[in-house]
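> Structure, please.
(chains A and B)
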There are 2 protein chains.
Amino acid sequence: MKNEEEKIRTWLKENRARGIKLLQKTVQEDSTRGNESSTQAVIIEKCRQLGLKLDIWEIGGEKLKDHPAYFCDRHSFEGNPNLVAVLKGTGGGKSLILNGHIDVVPVGDETSWTHDPFSGHIEDGKLYGRGSTDMKGGNTALLLAIESIVACGIKLKGDLIFQSVIEEESGGAGTLAAVLRGYQADGAIIPEPTNMKLFPKQQGSMWFRITVPGKAAHGGTRYEGISAIEKAVLVIGRLQQLERERNAQITDPLYEGIPIPIPINIGKIISGEWPSSVPDTATIEGRMGVAPEETMDAAQLTMESCLQELNEQDPWLSKNPLKIEWFGARWLPGSLRNDHPLMTALIDSFKEIKGEAPVIEASPWGTDGGILSNVGHTPVIVFGPGVTEMAHDANEYIVLDELFTASEIIALTILNWCEVEHAH
Amino acid sequence: MKNEEEKIRTWLKENRARGIKLLQKTVQEDSTRGNESSTQAVIIEKCRQLGLKLDIWEIGGEKLKDHPAYFCDRHSFEGNPNLVAVLKGTGGGKSLILNGHIDVVPVGDETSWTHDPFSGHIEDGKLYGRGSTDMKGGNTALLLAIESIVACGIKLKGDLIFQSVIEEESGGAGTLAAVLRGYQADGAIIPEPTNMKLFPKQQGSMWFRITVPGKAAHGGTRYEGISAIEKAVLVIGRLQQLERERNAQITDPLYEGIPIPIPINIGKIISGEWPSSVPDTATIEGRMGVAPEETMDAAQLTMESCLQELNEQDPWLSKNPLKIEWFGARWLPGSLRNDHPLMTALIDSFKEIKGEAPVIEASPWGTDGGILSNVGHTPVIVFGPGVTEMAHDANEYIVLDELFTASEIIALTILNWCEVEHAH
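Take a look at the predicted model:
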């Protein structure tokens, strides 16, 4: 094995320029929701060149849409396919899913970006652009690891199943579709931006929408109305309090040092149409974190009870109650034993490359790992390059050195997990 | 005079159905901003039938746009004209402007309306629809008053100048255009919905937009970002405090009993694009009331200082300060002496019709009266039918009896103010 490992590490060091070019190409394509096809085309072409067996399909259909883990508000997936590309093993080894999502979140306020959000600009060893960290950098690490194995002529015993999925940022319909298409394995790695930490446990999360009623009036006699914005401020205060209460109960040592283990993020508020009118409705949208061992239902209940309390305490809301919807995206929580063989394999590779033990934590966000493990019964670890803090932010970037280090660690883990078939 | 008064009162009582039909027709036309033309066409046709001298024009041009009282964010007035229709006097009497705006505010949440917002539905003596109270009801009262005079064959000495203007709800560009076109008079009545009170003083107001900066991050690690929504909540709290401070200083007896004489209304908030992201910017829009004797500049300064204080106290805002813009609409405050002859004329007519003295207050909102008095040097009283509380609200309505009472009071005031020319 040492021989193959050496070959791979050498190949990866010699082919950095190749990897950077691939990453740049994918970052320069906008793959926000509904626009995934052009980036996916770059990935498909790469996998074709590597000789992988391609499965390209537009997700959808009743089997997907009727599944209890399907939560999606997208009307059409037409033209933006999912990809699974398999490097078939010779048999006898364990299979491994390498899963990455191709969709990226919106760019936000463009004026906050120093360069164009899709520039792929490189400076001081960092590559900039929406999706560079979340998670085109991780995807590139996976593809480079596979390419190194193929290029070095190494045959694996177990199947290597590369997945480039859509819809992760909106709740995982892409990965769910892949699971329902039959892709399961003995293990999976998802290189989301963990900053090179190992996340055997992942936080679940789901989206909520709270509709706050008000009563319109002319702004000059605003005391005749009820401002939906003022009531929304009450709701925000209550959600902040709920977040504090829920996080005070988290004792899992994997969350030690995380300021807010399971955040309630208020991501959107919209209210009012006219500066001189009292707004008669406000809409708050956000994301609720779910602890790895908590159920989605239990988490929902805590928020619903909290709003119900507010409804009962406020004279206006008691007659015009808040409405809550759980819409769009949700990510199931996931949890893997610390001593699972996949953990051992990944930790060993990490130590070999980095010369030190990895940091092991519980993830601060949901990933497609919840679907792979809960629906696909595939043990999952989330581990990847990229600075967690930069995901979804302006001037998102990835440190290129980290990407190549992650790629080496993943390549070694593949050899270890899937096993190498030696010619006899 | 008693003879003419009797004729007019009788005509108005006998022609209620006519008045209701006219009001219904105008309410059934949507005249939200940019869509004023179809309602204006109904008014123009009515004025043409009455034999008034019509002046119909699309406002605009440098003279208007360069005027210091012009504040408007509308790009085009094409296709939505202003109307001034004059009943020329025989000479020797005082002239009177009867000013009403044709534009209405948006309908808001349509589901809050029992009937279609443009239904003109009549039930229990009330006519429902957006604009019924603000201020198509008042406009109808004016047109009926004029029609009664024309129909009864009464000749006035002074000119009667009826104005149906656009843009009142967005800052008065329509009335400003009429003033700049040369329309001034010895007095003016604006039948905004005062609930039959007389408002010799009008509150000014202006629109503001506050941009609140944040720092984007993934919602799961929201502690790495700064929520623009959380900072916006601070701003809202500060504006509420400023409103309390400003109103504590109001001592004008005309504002006695008004819960918030000069409100700061927060009419709009928009922040965030994605439930799972920390929003990096928030926008708050609203309307600031200006006391009748306060200047616009002084009022602006109080808000700017208050935000500046917040900028200095908050560690994030001290480096990323709030921005404030005074945009779009503004209404100058206005003030008329209590013993002005126009007040006497209107009070006398009111007493004659209602058998009691009118309530006299300062208006809780801005009107085009500020422009007529400050720019056009025309003494103004705001007085009209319609329930102030219903303006801008869902299920806006007007009590039809009040409309006809207002019409009688205004008709008598016209006779008194413009004087009747008797055949010799």
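> Residue numbers of the stretch 1-150 of chain A in contact with chain B?
The stretch 1-150 of chain A has residues A:V105, A:P106, A:G108, A:D109, A:S112, A:D134 near chain B, with proximity defined as C-beta under 8 Å from any C-beta of the partner chain. In short, each C-beta sits where N, CA and C put it, glycine included.
> Just the ones of those in strands?
Assigned to strands by DSSP state E, none of those qualify.
> any chance of these in JSON lines, plus pLDDT?
As requested, those are arranged in JSON lines below (pLDDT from 0 to 100):
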{"residue": "A:V105", "pLDDT": "92"}
{"residue": "A:P106", "pLDDT": "92"}
{"residue": "A:G108", "pLDDT": "87"}
{"residue": "A:D109", "pLDDT": "86"}
{"residue": "A:S112", "pLDDT": "91"}
{"residue": "A:D134", "pLDDT": "95"}
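> Report the two members of those residues separated by the largest distance.
A:D109 and A:D134 (17.5 Å; C-beta to C-beta).
> So which of those two has more stuff around it?
Taking other C-beta atoms under 10 Å in any protein chain shown, A:D109 and A:D134 do not tie; A:D134 has more neighbours (28 against 16).
> ok, and the closest non-adjacent residue to that one?
Of all residues not flanking A:D134 in the chain, A:A391 sits nearest, at 3.7 Å (C-beta to C-beta, 6 or more residues apart in numbering or on different chains).
> residues in contact with the one you found?
Contacts here follow C-beta atoms under 8 Å, 6 or more residues apart in numbering or on different chains; on that basis A:A391 touches A:T133, A:D134, A:M135, A:P193, B:A217, B:H218, B:T221.
> picking that back up, just put the residues of the stretch 1-150 of chain A next to chain B in CSV and tack on distance to A:C47.
Formatted as CSV, the residues of the stretch 1-150 of chain A next to chain B follow (distance: C-beta to C-beta, whole Å):
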residue, distance to A:C47
A:V105, 25
A:P106, 27
A:G108, 31
A:D109, 35
A:S112, 34
A:D134, 21
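> In the stretch 301-424 of chain A, which residue sits nearest chain B?
Residue of the stretch 301-424 of chain A nearest chain B, by C-beta to the nearest C-beta: A:W365 (2.7 Å).
> Per-residue pLDDT of that residue, please?
Here, the pLDDT recorded for A:W365 equals 81.
> Is it within a helix or a strand, and which one?
Of the helices and strands defined by DSSP states H and E, none includes A:W365.
> surely it meets B:A217?
No - taking contacts as C-beta atoms under 8 Å, A:W365 lies outside contact range of B:A217: 10.7 Å.
> out of these two, which sits in the busier spot?
A:W365 (29 against 25).
> for the more buried one, what are its contacts?
Contacts for A:W365 (C-beta under 8 Å, 6+ apart) come out as A:E192, A:Q202, A:Q203, A:S205, A:G289, A:W331, B:H218, B:G219, B:G220, B:T221, B:S276.
> change it to 7 Å
A:W365 sits next to A:Q203, A:S205, B:H218, B:G220, B:T221 when contact means C-beta atoms under 7 Å, 6 or more residues apart in numbering or on different chains.
> hmm, back to that, so what's the residue of the stretch 301-424 of chain A closest to chain B closest to, chain neighbours aside?
B:G220 (2.7 Å).
> Quickly list what A:V382 is bridged to.
Counting by DSSP bridges, A:V382 is bridged to A:I190, A:F199.
> how far away is it from A:P364?
Counting by C-beta to C-beta, to the nearest Å, the gap from A:V382 to A:P364 is 11 Å.
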